[in-house]
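In: what follows is a predicted structure for the sequence shown.
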Amino acid sequence: MPQTLPVIDIADLSSSDPVARQQVAEKIRRACLAHGFFYISGHGIPQGLIEAVLDETRALFDQPEAAKDALSKALSPCNRGYETLGGQTLQPGALPDRKEGYYIGEELGPRDPRVAEGWFNHGPNQWPADLPGFRPVMMAYFAALQTLGATLMRGLALSLDLPEDHFDGFTEQPMCTLRLLHYPPAQPDVEGEMGAGAHTDFGGLTLLLQDSVGGLQVQAGDGSWIEAPPMPGTYVVNLGDMIARWTNERYRSTLHRVINRSGRERYSVPFFYTGYPRHEVACLPTCLYAGESPKYPPITVEEHLRAMYARTYQAAR
Ligand SMILES: O=C(O)CCC(=O)C(=O)O
Ligand SMILES: [Fe+2]
(Lines give C-alpha, C1' and ligand atoms only; values in the text may rest on other atoms or scores of the structure.)
(Ligands and ions follow the chains in the order given, each with its own letter.)
Protein backbone atom coordinates (compact mmCIF):
# COMPACT_ATOMS: atom_id res chain seq x y z
CA MET A 1 0.00 0.00 0.00
CA PRO A 2 1.51 3.35 -0.96
CA GLN A 3 1.43 5.90 1.83
CA THR A 4 -1.07 8.74 1.55
CA LEU A 5 -1.50 12.03 3.34
CA PRO A 6 -4.57 12.64 5.53
CA VAL A 7 -7.41 15.03 4.69
CA ILE A 8 -8.55 17.12 7.65
CA ASP A 9 -11.84 19.00 7.59
CA ILE A 10 -10.95 22.19 9.44
CA ALA A 11 -14.40 23.82 9.39
CA ASP A 12 -14.76 23.24 13.13
CA LEU A 13 -11.69 25.36 13.90
CA SER A 14 -14.14 28.24 13.57
CA SER A 15 -16.78 26.59 15.78
CA SER A 16 -17.84 28.30 18.99
CA ASP A 17 -17.54 24.93 20.72
CA PRO A 18 -14.05 24.48 22.19
CA VAL A 19 -14.41 20.68 22.14
CA ALA A 20 -15.02 20.75 18.38
CA ARG A 21 -11.95 22.96 17.89
CA GLN A 22 -9.83 20.63 19.98
CA GLN A 23 -10.95 17.64 17.92
CA VAL A 24 -9.62 19.25 14.75
CA ALA A 25 -6.40 20.14 16.60
CA GLU A 26 -5.90 16.46 17.52
CA LYS A 27 -6.02 15.53 13.84
CA ILE A 28 -3.57 18.31 13.04
CA ARG A 29 -1.26 17.02 15.77
CA ARG A 30 -1.24 13.51 14.33
CA ALA A 31 -0.60 14.75 10.79
CA CYS A 32 2.20 17.07 11.93
CA LEU A 33 3.90 14.30 13.89
CA ALA A 34 3.60 11.85 11.01
CA HIS A 35 4.48 13.79 7.86
CA GLY A 36 4.26 17.53 8.44
CA PHE A 37 1.98 17.52 5.40
CA PHE A 38 -1.79 17.19 5.16
CA TYR A 39 -4.76 18.22 3.05
CA ILE A 40 -7.45 20.50 4.39
CA SER A 41 -11.09 20.70 3.36
CA GLY A 42 -13.77 22.90 4.93
CA HIS A 43 -11.47 25.92 4.53
CA GLY A 44 -14.21 28.30 3.38
CA ILE A 45 -12.33 29.80 0.39
CA PRO A 46 -14.90 30.18 -2.42
CA GLN A 47 -14.33 27.90 -5.42
CA GLY A 48 -15.00 30.82 -7.78
CA LEU A 49 -12.11 32.76 -6.28
CA ILE A 50 -9.83 29.74 -6.55
CA GLU A 51 -10.66 29.29 -10.21
CA ALA A 52 -10.16 33.00 -10.89
CA VAL A 53 -6.68 32.79 -9.31
CA LEU A 54 -5.71 29.85 -11.53
CA ASP A 55 -7.13 31.60 -14.63
CA GLU A 56 -5.19 34.79 -13.94
CA THR A 57 -2.06 32.75 -13.23
CA ARG A 58 -2.27 31.02 -16.60
CA ALA A 59 -2.95 34.35 -18.31
CA LEU A 60 0.12 35.90 -16.67
CA PHE A 61 2.52 33.17 -17.75
CA ASP A 62 0.98 33.14 -21.26
CA GLN A 63 2.15 36.72 -21.77
CA PRO A 64 5.09 37.32 -24.12
CA GLU A 65 8.51 36.98 -22.54
CA ALA A 66 9.17 40.72 -22.96
CA ALA A 67 6.03 41.61 -20.99
CA LYS A 68 7.05 39.27 -18.18
CA ASP A 69 10.62 40.55 -18.15
CA ALA A 70 9.28 44.08 -17.73
CA LEU A 71 7.88 42.85 -14.39
CA SER A 72 11.12 41.15 -13.33
CA LYS A 73 11.63 40.84 -9.61
CA ALA A 74 15.15 42.15 -10.20
CA LEU A 75 13.47 45.55 -10.69
CA SER A 76 11.78 45.38 -7.28
CA PRO A 77 13.49 46.41 -4.03
CA CYS A 78 11.29 43.91 -2.20
CA ASN A 79 11.52 40.80 -4.40
CA ARG A 80 8.09 41.18 -6.01
CA GLY A 81 7.34 40.21 -9.56
CA TYR A 82 8.45 37.78 -12.22
CA GLU A 83 11.11 35.13 -11.87
CA THR A 84 12.29 33.53 -15.06
CA LEU A 85 12.53 29.81 -15.81
CA GLY A 86 15.54 28.41 -13.96
CA GLY A 87 15.76 31.47 -11.71
CA GLN A 88 15.85 29.49 -8.47
CA THR A 89 17.67 26.36 -7.35
CA LEU A 90 15.79 24.90 -4.42
CA GLN A 91 17.95 21.80 -4.03
CA PRO A 92 21.59 22.64 -3.36
CA GLY A 93 23.81 21.11 -6.04
CA ALA A 94 20.90 20.23 -8.36
CA LEU A 95 20.10 21.80 -11.73
CA PRO A 96 18.09 25.05 -11.61
CA ASP A 97 14.35 24.46 -11.14
CA ARG A 98 12.25 24.04 -14.29
CA LYS A 99 9.63 26.57 -13.25
CA GLU A 100 8.85 30.24 -13.69
CA GLY A 101 7.23 32.23 -10.91
CA TYR A 102 5.66 35.43 -9.74
CA TYR A 103 5.85 36.89 -6.23
CA ILE A 104 3.08 38.95 -4.64
CA GLY A 105 3.00 40.36 -1.12
CA GLU A 106 0.94 42.82 0.88
CA GLU A 107 0.61 46.05 -1.10
CA LEU A 108 2.54 48.62 0.98
CA GLY A 109 3.28 52.21 0.02
CA PRO A 110 6.40 54.23 0.86
CA ARG A 111 4.75 55.84 3.89
CA ASP A 112 4.15 52.56 5.64
CA PRO A 113 6.60 52.62 8.58
CA ARG A 114 7.84 49.12 7.77
CA VAL A 115 8.73 50.19 4.24
CA ALA A 116 10.28 53.45 5.47
CA GLU A 117 12.47 51.44 7.86
CA GLY A 118 13.54 49.06 5.08
CA TRP A 119 12.01 45.84 6.43
CA PHE A 120 12.93 42.86 4.29
CA ASN A 121 10.56 42.22 1.36
CA HIS A 122 8.14 45.00 2.37
CA GLY A 123 6.90 47.43 -0.29
CA PRO A 124 4.76 47.67 -3.42
CA ASN A 125 3.93 44.92 -5.89
CA GLN A 126 4.43 44.99 -9.62
CA TRP A 127 1.20 44.50 -11.55
CA PRO A 128 0.79 43.39 -15.18
CA ALA A 129 -0.61 46.29 -17.19
CA ASP A 130 -2.57 44.14 -19.67
CA LEU A 131 -4.46 41.92 -17.22
CA PRO A 132 -7.08 44.10 -15.52
CA GLY A 133 -8.51 41.25 -13.43
CA PHE A 134 -5.15 40.14 -12.05
CA ARG A 135 -4.66 42.64 -9.24
CA PRO A 136 -8.16 42.52 -7.69
CA VAL A 137 -8.30 38.72 -7.86
CA MET A 138 -4.85 38.27 -6.32
CA MET A 139 -5.47 40.82 -3.58
CA ALA A 140 -8.83 39.26 -2.63
CA TYR A 141 -7.20 35.84 -2.53
CA PHE A 142 -4.24 37.13 -0.53
CA ALA A 143 -6.55 38.58 2.14
CA ALA A 144 -8.63 35.38 2.32
CA LEU A 145 -5.57 33.16 2.70
CA GLN A 146 -4.06 35.43 5.34
CA THR A 147 -7.19 34.90 7.45
CA LEU A 148 -7.12 31.15 6.81
CA GLY A 149 -3.46 31.04 7.83
CA ALA A 150 -4.23 32.73 11.15
CA THR A 151 -7.05 30.24 11.80
CA LEU A 152 -4.66 27.37 11.16
CA MET A 153 -2.06 28.88 13.50
CA ARG A 154 -4.67 28.84 16.28
CA GLY A 155 -5.36 25.18 15.52
CA LEU A 156 -1.63 24.54 15.55
CA ALA A 157 -1.32 26.16 18.99
CA LEU A 158 -4.06 23.89 20.35
CA SER A 159 -2.35 20.89 18.78
CA LEU A 160 0.77 21.73 20.78
CA ASP A 161 -1.10 21.99 24.12
CA LEU A 162 -0.73 25.76 24.06
CA PRO A 163 -3.40 28.42 24.53
CA GLU A 164 -5.17 29.14 21.26
CA ASP A 165 -3.80 32.68 21.17
CA HIS A 166 -0.19 31.60 21.70
CA PHE A 167 0.92 32.61 18.21
CA ASP A 168 -0.98 35.92 18.14
CA GLY A 169 2.27 37.90 18.22
CA PHE A 170 3.28 36.01 15.08
CA THR A 171 -0.03 36.39 13.25
CA GLU A 172 -0.30 40.13 13.87
CA GLN A 173 0.86 42.15 10.84
CA PRO A 174 2.11 38.92 9.31
CA MET A 175 4.35 38.81 6.33
CA CYS A 176 2.87 36.52 3.70
CA THR A 177 3.88 35.70 0.16
CA LEU A 178 1.67 34.52 -2.64
CA ARG A 179 3.67 32.72 -5.27
CA LEU A 180 2.35 31.82 -8.70
CA LEU A 181 4.18 28.97 -10.38
CA HIS A 182 4.23 27.49 -13.87
CA TYR A 183 5.99 24.18 -14.49
CA PRO A 184 6.49 23.27 -18.14
CA PRO A 185 6.58 19.53 -18.79
CA ALA A 186 9.83 17.80 -17.79
CA GLN A 187 12.37 17.35 -20.59
CA PRO A 188 12.91 13.60 -20.92
CA ASP A 189 16.52 14.03 -22.07
CA VAL A 190 17.68 16.19 -19.14
CA GLU A 191 18.60 13.83 -16.35
CA GLY A 192 18.12 15.06 -12.81
CA GLU A 193 16.15 18.16 -13.73
CA MET A 194 13.14 18.86 -11.50
CA GLY A 195 10.34 21.40 -11.52
CA ALA A 196 11.26 22.22 -7.94
CA GLY A 197 14.22 20.50 -6.33
CA ALA A 198 13.84 18.88 -2.92
CA HIS A 199 13.55 21.54 -0.23
CA THR A 200 11.79 22.48 2.96
CA ASP A 201 9.77 25.68 3.12
CA PHE A 202 11.32 28.57 5.00
CA GLY A 203 8.45 30.03 6.91
CA GLY A 204 5.58 29.05 9.16
CA LEU A 205 2.77 27.42 7.21
CA THR A 206 2.41 26.88 3.47
CA LEU A 207 -1.05 26.57 1.91
CA LEU A 208 -0.75 25.14 -1.56
CA LEU A 209 -3.33 25.37 -4.31
CA GLN A 210 -2.52 23.09 -7.23
CA ASP A 211 -4.26 22.52 -10.54
CA SER A 212 -5.32 19.05 -11.73
CA VAL A 213 -1.94 18.01 -13.20
CA GLY A 214 -0.02 16.67 -10.18
CA GLY A 215 3.70 16.19 -9.60
CA LEU A 216 4.21 17.17 -5.96
CA GLN A 217 6.04 14.58 -3.87
CA VAL A 218 6.66 14.53 -0.14
CA GLN A 219 9.46 12.64 1.58
CA ALA A 220 8.38 10.04 4.13
CA GLY A 221 10.40 9.18 7.24
CA ASP A 222 11.97 6.18 5.46
CA GLY A 223 13.25 8.37 2.63
CA SER A 224 10.67 7.23 0.06
CA TRP A 225 8.60 9.78 -1.86
CA ILE A 226 4.83 9.99 -1.32
CA GLU A 227 2.70 11.49 -4.10
CA ALA A 228 0.54 14.44 -3.07
CA PRO A 229 -1.93 14.37 -5.96
CA PRO A 230 -4.47 17.13 -6.58
CA MET A 231 -7.75 16.72 -4.68
CA PRO A 232 -10.51 19.12 -5.71
CA GLY A 233 -11.68 21.46 -2.96
CA THR A 234 -8.59 21.02 -0.81
CA TYR A 235 -5.30 22.70 0.00
CA VAL A 236 -2.09 20.93 0.79
CA VAL A 237 -0.75 22.37 4.03
CA ASN A 238 2.83 21.91 5.13
CA LEU A 239 5.00 23.12 7.96
CA GLY A 240 7.98 25.34 7.30
CA ASP A 241 11.36 25.51 9.04
CA MET A 242 10.18 27.95 11.69
CA ILE A 243 7.70 25.39 13.02
CA ALA A 244 10.48 22.82 13.21
CA ARG A 245 12.53 25.36 15.22
CA TRP A 246 9.61 26.14 17.53
CA THR A 247 8.86 22.49 18.19
CA ASN A 248 12.48 21.28 18.41
CA GLU A 249 11.68 19.21 15.32
CA ARG A 250 8.83 17.37 17.03
CA TYR A 251 6.82 18.69 14.12
CA ARG A 252 8.71 18.26 10.91
CA SER A 253 9.45 20.66 8.12
CA THR A 254 9.34 18.01 5.45
CA LEU A 255 11.33 17.78 2.23
CA HIS A 256 9.22 17.98 -0.89
CA ARG A 257 9.81 18.42 -4.61
CA VAL A 258 7.93 18.71 -7.89
CA ILE A 259 8.54 16.65 -11.02
CA ASN A 260 6.06 17.31 -13.80
CA ARG A 261 6.07 14.11 -15.84
CA SER A 262 2.50 14.64 -17.10
CA GLY A 263 3.50 16.07 -20.46
CA ARG A 264 1.20 19.03 -19.65
CA GLU A 265 1.74 22.50 -18.24
CA ARG A 266 1.31 22.56 -14.46
CA TYR A 267 0.25 25.60 -12.45
CA SER A 268 0.33 25.92 -8.67
CA VAL A 269 -0.08 28.72 -6.17
CA PRO A 270 1.63 28.32 -2.80
CA PHE A 271 0.84 30.87 -0.10
CA PHE A 272 3.59 31.23 2.46
CA TYR A 273 2.47 32.37 5.89
CA THR A 274 5.73 33.75 7.21
CA GLY A 275 4.54 35.81 10.18
CA TYR A 276 5.51 39.02 11.94
CA PRO A 277 9.10 39.78 10.92
CA ARG A 278 10.26 40.94 14.36
CA HIS A 279 8.74 37.94 16.14
CA GLU A 280 11.28 35.73 17.86
CA VAL A 281 11.06 32.01 17.14
CA ALA A 282 12.47 29.99 20.05
CA CYS A 283 11.91 26.44 21.25
CA LEU A 284 8.47 26.06 22.85
CA PRO A 285 8.47 24.85 26.46
CA THR A 286 5.82 22.22 25.64
CA CYS A 287 8.21 20.71 23.09
CA LEU A 288 11.25 20.40 25.32
CA TYR A 289 11.23 17.22 27.35
CA ALA A 290 13.36 16.56 30.44
CA GLY A 291 17.02 16.26 29.55
CA GLU A 292 16.64 17.75 26.07
CA SER A 293 18.16 20.97 24.87
CA PRO A 294 16.96 23.18 22.00
CA LYS A 295 18.37 22.19 18.62
CA TYR A 296 18.26 25.77 17.34
CA PRO A 297 19.05 29.13 18.95
CA PRO A 298 16.28 31.74 18.96
CA ILE A 299 16.01 33.74 15.74
CA THR A 300 13.66 36.40 14.43
CA VAL A 301 11.45 35.65 11.46
CA GLU A 302 13.27 38.29 9.43
CA GLU A 303 16.77 37.00 10.24
CA HIS A 304 15.76 33.49 9.28
CA LEU A 305 14.12 34.59 6.06
CA ARG A 306 17.10 36.66 4.91
CA ALA A 307 19.38 33.66 5.42
CA MET A 308 17.08 31.38 3.42
CA TYR A 309 16.77 33.81 0.49
CA ALA A 310 20.54 34.13 0.39
CA ARG A 311 20.84 30.35 0.19
CA THR A 312 18.44 29.63 -2.69
CA TYR A 313 19.21 32.72 -4.73
CA GLN A 314 22.99 32.54 -4.57
CA ALA A 315 24.80 33.31 -7.85
CA ALA A 316 23.55 31.07 -10.63
CA ARG A 317 26.00 28.36 -11.51
O1 LIG B 1 4.23 23.63 -6.81
C2 LIG B 1 4.15 22.91 -5.83
O3 LIG B 1 3.36 21.97 -5.78
C4 LIG B 1 5.05 23.12 -4.65
C5 LIG B 1 5.81 24.41 -4.68
C6 LIG B 1 6.75 24.53 -3.53
O7 LIG B 1 7.08 23.59 -2.88
C8 LIG B 1 7.31 25.85 -3.15
O9 LIG B 1 7.14 26.83 -3.91
O10 LIG B 1 7.90 25.95 -2.06
FE1 LIG C 1 7.91 24.21 -1.04
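Out: Received, thanks. Residues are numbered from 1 along each chain as shown. Ligands and ions are numbered 1, 2, ... in the order given.
In: ok, Glu65 - how many residues close by?
Out: Using other CB atoms under 10 Å, the number of residues around Glu65 comes to 11. (C-beta placed from N, C-alpha, C; glycine too.)
In: isn't there a helix covering Phe272?
Out: No. Phe272 is assigned strand when assessed by DSSP: H, G, I helix; E, B strand; the rest coil, not a helix.
In: name the next helix or strand following the helix or strand Ala59 falls within along the chain.
Out: Applying DSSP states H and E as the criterion places Ala59 in helix 47-61. Sequence-wise, the next helix or strand downstream of helix 47-61 (DSSP H and E) is helix 65-69.
In: who touches that following helix?
Out: Contact partners of helix 65-69, identified using CB atoms under 8 Å, 6 or more residues apart in numbering, comprise Leu60, Phe61, Tyr82, Thr84, Glu100, Pro128, Asp130.
In: just checking, what packs against the helix holding Ala59?
Out: strand 100-104, helix 134-159, strand 175-183, strand 205-210, strand 266-275 (3 or more CB pairs under 8 Å, 6 or more residues apart in numbering; DSSP states H and E).
In: any chance of the ones you listed in JSON lines, with distance to Ser253 too?
Out: Shown next, in JSON lines, are these (distance: least, CB to CB, whole Å):
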{"stretch": "strand 100-104", "distance to Ser253": "21"}
{"stretch": "helix 134-159", "distance to Ser253": "13"}
{"stretch": "strand 175-183", "distance to Ser253": "16"}
{"stretch": "strand 205-210", "distance to Ser253": "10"}
{"stretch": "strand 266-275", "distance to Ser253": "12"}
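In: looking at these, which is buried most?
Out: Among the helices and strands packed on helix 47-61, strand 266-275 has the highest mean neighbour count (mean count of other CB atoms under 10 Å), at a mean of 25.
In: is ligand 1 contacted by that one?
Out: Yes. Using CB under 6 Å from any ligand atom, strand 266-275 comes into contact with ligand 1 via Ser268, Pro270.
In: so which bits of the helix holding Ala59 are buried?
Out: Ile50, Ala52, Val53, Leu54, Glu56, Thr57, Leu60, Phe61 (16 or more other CB atoms under 10 Å).
In: do the same with stretch 219-238
Out: For stretch 219-238, burial by neighbour count (16+ other CB under 10 Å) applies to Gln219, Ala220, Trp225, Ile226, Ala228, Pro229, Pro230, Thr234, Tyr235, Val236, Val237, Asn238.
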